[in-house]
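A.B. asks: Got a predicted structure plus its sequence, pasted below:
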Amino acid sequence: MADRRHVVPEAAPALDRFKEEVAEDLGLADKVRTIGWGDMTSRECGRVGGQMVRRMLKFAERKMAEDNPGPEGRR
């Protein structure tokens, strides 16, 4: 089993839920429930991980835009 160290250990449960949500969206949730993550292919796990990264980046970009509006948004 992989060594699972997190920068913020308290985030592990939320990341696990997020991983399950992404697997569901990709149509892999039934397979995960049936055989578990350990027997998923590298390609399937990579799809889930890649989608998680894309969504986290999108969220971070939106948050940064809200917190730091461009010159047209400042008064």
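C.D. replies: Sure thing, it's come through.
A.B. asks: Leaving out the residues flanking it, which one is nearest to residue 52?
C.D. replies: Among residues not flanking residue 52 along the chain, residue 22 sits closest, at 5.4 Å (C-beta to C-beta, 6 or more residues apart in numbering). No exception for glycine: its C-beta is placed from N, CA and C like everyone else's.
A.B. asks: What residues does that neighbour make contact with?
C.D. replies: 48, 51, 52, 55 (C-beta atoms under 8 Å, 6 or more residues apart in numbering).
A.B. asks: Would you quantify the distance from it to residue 69?
C.D. replies: Separation of residue 22 from residue 69 (C-beta to C-beta, to the nearest Å) stands at 30 Å.
A.B. asks: cool, residue 63 as well?
C.D. replies: Distance from residue 63 to residue 69, by C-beta to C-beta: 12 Å.
A.B. asks: What of residue 46?
C.D. replies: 36 Å.
A.B. asks: where in this structure is pLDDT low?
C.D. replies: 1-3, 72-75 (pLDDT under 70).
A.B. asks: for the top helix by length along it, packing partners?
C.D. replies: Taking DSSP state H as the criterion, the chain has its longest helix at helix 42-67. For helix 42-67, the contact count by 3 or more C-beta pairs under 8 Å, 6 or more residues apart in numbering; DSSP states H and E identifies helix 12-25 as packing neighbours.
A.B. asks: buried sites along the helix it packs on?
C.D. replies: 18, 19, 20, 22, 23 (16 or more other C-beta atoms under 10 Å).
A.B. asks: for the most centrally placed residue in the chain, what are its contacts?
C.D. replies: Geometric centre of the chain, nearest residue: residue 52, 2.7 Å, by C-alpha atoms, centre = their mean. Contact analysis of residue 52 by C-beta under 8 Å, 6+ apart lists 18, 19, 22.
A.B. asks: looking at it, residue 23 is touching residue 45, isn't it?
C.D. replies: No. Residue 23 is beyond contact range of residue 45, at 9.4 Å (criterion: C-beta atoms under 8 Å).
A.B. asks: mind checking how far residue 6 is from residue 18?
C.D. replies: On the measure of C-beta to C-beta, residue 6 and residue 18 end up 13 Å apart.
A.B. asks: ok, now how distant is residue 30 from residue 64?
C.D. replies: In terms of C-beta to C-beta, residue 30 sits 36 Å off from residue 64.
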